[in-house]
Structures are given as C-alpha cells and as structure tokens.
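K.L.:
Kindly return the folded structure for what I paste below:
(chains A and B)
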Amino acid sequence: MLAIGLVLFTALLLLAITFLRRKSPAVLRRIDAFERLNRVVGLAVENGTRLHISLGRGNLFTSRGASALAGLAMLRRLAERTSLSDRPPIVTSGDASLSILSQDTLQAGYHAAGADDQYRISTGRLTGLTPFSYAAGTIPVTRDEMVSANVVIGDFGSESALLVEAADREDTHLIAASDNLSAQSILYASAQDPLIGEELFASGAYMGAGISHEASLQVQDVLRWLVIVAIVGGALLKLVGFNF
Amino acid sequence: MRVFTAAIAMASGLIVLLGYFYPLPALTQLRIMLTDWAIIIAAMAVLVGIANLVFVHMDKIRKREKNSMYGALLVLSLIATFGLGLVFGPENQIVQLAVDAVIVPVEASLMAILAVTLVYASIRLFRRRTDVMTVIFLVVAVSFLFAVMPKPIDPVINDQISQPILWLASIFSRGGARGLLIGIALGTLLTGIRVLFGIDRPYGGN
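P.N.:
Numbering: from 1, shown residues only, chains lettered A, B, ... in the order given. Below you'll find the model as predicted:
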C-alpha cells in the first residue's frame, strides 16, 4: 500500500510541477561534466569528429534499466544536436534490447532535426553481452572511429575502468556516469568529469530534454527531503524509546 | 501509429505494475503473459543485435578499414561457434571448449588488466584533481587496503590495528553508499514514471 501510494504521490507531484513549470524555466546548479559536454559536442560538430555514446548493459527487465533510459534521453538530445555533423555519433551497448532502442532513438533524433538521411543502422551497435566482452568490443570504437569525445552513461560495473583508460589513451574527452556504486568509485578515481549518484538522472534536464525532466529533478528534491525527515524522525523516535 | 505504440506501452506497463501491487489471479496471469512476451522479444533482439554486429564488421572488411582483420576473425569465429552449437547443441564438448578455453581465459586476462588499470588510475588521480575530496579518497583507499592486507605480525595485534580502521571506514562508506543509493532509487522511480505515463517514449520513433 505504501509503495503504490508513493508511486501515485510521485506521479501527481511530477504532473503538478510540470504544469506549473511551463512558463518559468528551472534554474539548475552548475555541473562541470554537463558544461564540458556542451562544449565538446560543439567542437565535435565543428572539427568533423565523432561522439561515442556508450549506454552500458542496463537490462530493461531490471531496475538497472532506468539508467539505460536516462542514457537514451540524453542520446536523443545529442542526436539532434549533432545532426549537422559529417560524422554521426556511434552508440554502443551491452544489451540487445537497449541496442535496438538506441537505433530507434538515433533515428527519432535525426527525424526531429530534419536530417533523416544522416541515420545509419551501423551507428547503433551491440558490442558484447558480458561485461568484459562489452568493454573489449567498445574499446576499438574509441580507437578507430575518429572519436573526439566519449559519453559513458548507464549501467556499468568495474569494466568501466577499461573504457576510461581507452578514452584517456586516445586523448579524447570523457563524461562518465553510472548507477552502480563500484563503477562510480572507479569513475571518480579515473575519469576527468564523473557524475556521481543521481546526477546521472539529471542528464535529460541539463541537455534540454524538456520541462518534465526539470520537474523530475524538483520532485527528486522533494522526495529526498521527505526521506531525510523520515530517517531523522525515525532515529529521534527510537532515541526516546518509541519502538516501531 | 506513434499514439498507438505509446498506448500499448503504457497499458502494458500499468498492467504489469498493478499485477505486482495487487496479486489478483487475472492480473497476475496477464502480468506473467506480458512478461513472457517481453522475454521472447528480448531473445529475438539478441539475434537482431548479433546480425547488426556482423553487418558492421562485414562493412568494415568490405571497406578495408583499419583493423578490419579482427572483424573478419570475429565473423568467422561467430559462424563457427554458431554452426557447431546448432549442429551439436550447446552442451557439446567442442562447443563448451570454445567457452572454457577462449572466452573464460580472455575475460580473466581483462580482469587482470583491470587491476593494473585501477592502480594506475589512482596514482594519476592527484595529477587530475588536487582537492580535499581526492586526498580523503586516497587516504581511505590506502587505509582500507592496509587494514585488509595480510601483515607479518601477530594476528591479535593485527586485529587491534585493522578493526578500528575497518569500523571507521565502514560507518562512513555505508552512510555514503546508502545516500547514493537513495538518490539513484529516486532517479529510477522518476524515470520509470516518466516512461510509464508516456512523457518519455524511447520507442516507436518518438
């Protein structure tokens, strides 16, 4: 009952904030990784190099799929913004369903930008179905395909270190985010601009994916405060001897 | 067509969600049926993904791109293992050999490279970012490694040295990890709701 109540409350709050936010754009705090991403997208288009977007292995049947969906929202925006480029971005993923969705998202992005002819089926690739085969299949893309910037966003494990190392070796820009805690610690140690915690889910809002993404951030803030109040309140009640 | 795909996706999502919350026989049956369909489609997606992989590498070979010989090796290996698997079945000794003698050792080697890569990345961290958080990160990592590594001293003294470090590190790391997980769970919830209510539609060319 609590779970369905939470889902309904969140949905209603999201709809209400989306409705209220229609006329006033949100003010977002500065996140270096997104600032740099905006810069490198422009540079890639100007100097005729590619973006490489790595969406990870987020299986859509599990809770890990949410990070993949956040990656797809970002991909959609990136596809639109790079539609003028001579070299379309390459998307790699380690899950078959995600790979098909990435092709669909690329196509939709080009269509929205009025550049349908830019879409190539070979730009959305499945590079491996296990963590290390995925890394092994993705590294050559960074090396051989004229890539100037890598966006590693989604569900990754420790294999993300190999992707970061490959990007570093080729002296390319790297923006990295994962929902996996061990990958986050690896990215913190090895990546130039890691996105930590829920910043992964803010990518849509920062890339201009719409009011609903900005409203999502506000709902997350509200829910986070409720969780904090519940934790502190629960601890205080326990302290005064109230058992529940 | 786009409205139709969105309606189907939203209805399927809501049925599956309701099936979890209210395990009524009819809803549960419908949920299981929809999940089974999704699993079959996902299995077909693997075949489509592999076909795409072959297409990409064949294209590289045809255009004689850099390192296309690796692509040729991949396609040949794929055809050989796929053919053997079809003829003899996945439990056959030869097919199993492809996994045990090739895939497992290669992945183990990558795991070994990963260990070296991580040590190297930690060393380079100071060059990349020199701030308080970097210092804390490295101090905690080194202290933790020191606490768990075998030491040539009396086990009782070893415990007296290691336990306080592990205790302190576990309090902060558990707290931090839970904070990050709560943030990720909230992000996951909101992403799911956006897809469920058709606000985000990463399908059907939307």
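K.L.:
CA only for contacts and neighbour counts going forward, please
P.N.:
Noted.
K.L.:
Give me the packing partners of the lengthiest helix in chain B, helices and strands only.
P.N.:
Counting residues, the longest helix in chain B under DSSP state H turns out to be helix B:155-196. Here helix B:155-196 touches helix A:2-20, helix A:65-81, helix A:211-239, helix B:2-21, helix B:132-148, going by 3 or more C-alpha pairs under 8 Å, 6 or more residues apart in numbering or on different chains; DSSP states H and E.
K.L.:
Go again with 10 Å.
P.N.:
The contact analysis (3 or more C-alpha pairs under 10 Å, 6 or more residues apart in numbering or on different chains; DSSP states H and E) places helix B:155-196 against helix A:2-20, helix A:65-81, helix A:181-190, helix A:211-239, helix B:2-21, helix B:132-148.
K.L.:
A:Ile186 contacts B:Ala121, doesn't it?
P.N.:
Yes - assessed by C-alpha atoms under 10 Å, A:Ile186 is found in contact with B:Ala121 at 8.5 Å.
K.L.:
Name the residues contacting each of the two.
P.N.:
Common contacts of A:Ile186 and B:Ala121, defined by C-alpha atoms under 10 Å, 6 or more residues apart in numbering or on different chains, comprise A:Ala161, A:Val164.
K.L.:
How far does the helix-or-strand element of chain A with minimal mean pLDDT sit from its chain's centre?
P.N.:
None of the helices or strands of chain A scores lower by mean pLDDT, DSSP states H and E than strand A:193-195, at a mean of 86. Between the centre of strand A:193-195 and the centre of its chain there are 11 Å (C-alpha atoms, centre = their mean, to the nearest Å).
K.L.:
Can you give me the distance of the residue nearest the centre of chain A to A:Leu217?
P.N.:
Chain A has A:Gly71 as the residue nearest its centroid, 3.5 Å off, counting by C-alpha atoms, centre = their mean. Here A:Gly71 is placed at a distance of 16 Å from A:Leu217 (C-alpha to C-alpha, to the nearest Å).
K.L.:
next one: A:Arg29
P.N.:
11 Å.
K.L.:
Please identify the most buried of the helices and strands packed on helix B:155-196.
P.N.:
Here the criterion is mean neighbour count by mean count of other C-alpha atoms under 10 Å in any protein chain shown, and of the helices and strands packed on helix B:155-196 the winner is helix A:65-81, at a mean of 25.
K.L.:
Per-residue pLDDT of the residue lying farthest from the centre of chain B, please?
P.N.:
Taking C-alpha atoms, centre = their mean as the measure, the residue most remote from the mean C-alpha position of chain B is B:Asp154, 40.9 Å away. Note on B:Asp154: pLDDT of 78.
K.L.:
What are the phi and psi values at it?
P.N.:
Dihedral angles phi and psi of B:Asp154 (degrees, to the nearest 10) take the values phi -60, psi 130.
K.L.:
can you list the weak-confidence ranges in chain A?
P.N.:
Within chain A, the stretches with pLDDT under 70 are A:244.
K.L.:
what about the longest strand in it?
P.N.:
Ranked by number of residues, the top strand in chain A under DSSP state E is strand A:147-155.
K.L.:
is that one anywhere near chain B?
P.N.:
No - using C-alpha under 10 Å from any C-alpha of the partner chain, we find that strand A:147-155 stays clear of chain B, coming within 11.6 Å at best.
K.L.:
Are there helices or strands packed against the following helix or strand past that strand, and which ones?
P.N.:
Following strand A:147-155 in sequence order, the next helix or strand is helix A:160-169 (DSSP states H and E). Packed against helix A:160-169 by the contact rule (3+ C-alpha pairs under 10 Å, 6+ apart) you find helix A:131-144, strand A:147-155, strand A:173-178, helix A:181-190, helix B:104-128.
K.L.:
Can you say which of these is nearest to A:His52?
P.N.:
strand A:147-155 (4.7 Å; C-alpha to C-alpha).
K.L.:
and the helices and strands packed on helix A:160-169 as JSON lines, adding distance to B:Ile40?
P.N.:
Shown next, in JSON lines, are the helices and strands packed on helix A:160-169 (distance: least, C-alpha to C-alpha, whole Å):
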{"stretch": "helix A:131-144", "distance to B:Ile40": "22"}
{"stretch": "strand A:147-155", "distance to B:Ile40": "23"}
{"stretch": "strand A:173-178", "distance to B:Ile40": "28"}
{"stretch": "helix A:181-190", "distance to B:Ile40": "30"}
{"stretch": "helix B:104-128", "distance to B:Ile40": "27"}
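K.L.:
deepest of these, which one?
P.N.:
Comparing the helices and strands packed on helix A:160-169 by mean neighbour count (mean count of other C-alpha under 10 Å), strand A:173-178 ranks first with a mean of 26.
K.L.:
Around B:Ile40, how many other residues sit close by?
P.N.:
The tally of other residues near B:Ile40 (other C-alpha atoms under 10 Å in any protein chain shown) stands at 11.
K.L.:
and it, what does it touch?
P.N.:
By C-alpha under 10 Å, 6+ apart, B:Ile40 lies in contact with B:Leu34.
K.L.:
Please, which helix or strand holds it?
P.N.:
Assigned by DSSP H and E, B:Ile40 belongs to helix B:25-62.
K.L.:
Next, the buried residues of that helix.
P.N.:
Of all the residues in helix B:25-62, those buried under the rule 16 or more other C-alpha atoms under 10 Å in any protein chain shown are B:27-28, B:30-31, B:34, B:42, B:45-46, B:48-50, B:52-58, B:60-61.
K.L.:
Flag every buried residue along the next helix or strand after it.
P.N.:
Counting by DSSP H and E, the next helix or strand C-terminal to helix B:25-62 is helix B:68-88. Within helix B:68-88, the residues that count as buried by 16+ other C-alpha under 10 Å are B:Ser68, B:Gly71, B:Ala72, B:Leu74, B:Val75, B:Thr81, B:Gly85.
K.L.:
How about stretch B:166-175?
P.N.:
Of the residues in stretch B:166-175, B:Leu166, B:Ala169 count as buried by neighbour count, 16+ other C-alpha under 10 Å.
K.L.:
Likewise for stretch A:45-62?
P.N.:
Residues of stretch A:45-62 classed as buried under the neighbour-count rule (16+ other C-alpha under 10 Å) are A:45, A:48-60.
K.L.:
Dump those into a markdown table; add secondary structure and distance to B:Val102 as well.
P.N.:
Listed next are the buried residues of stretch A:45-62 as a markdown table, based on DSSP: H, G, I helix; E, B strand; the rest coil; distance: C-alpha to C-alpha, whole Å:
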| residue | secondary structure | distance to B:Val102 |
| --- | --- | --- |
| A:Val45 | helix | 40 |
| A:Gly48 | coil | 38 |
| A:Thr49 | coil | 35 |
| A:Arg50 | strand | 33 |
| A:Leu51 | strand | 32 |
| A:His52 | strand | 28 |
| A:Ile53 | strand | 28 |
| A:Ser54 | strand | 25 |
| A:Leu55 | strand | 26 |
| A:Gly56 | strand | 23 |
| A:Arg57 | coil | 22 |
| A:Gly58 | coil | 25 |
| A:Asn59 | coil | 25 |
| A:Leu60 | coil | 29 |
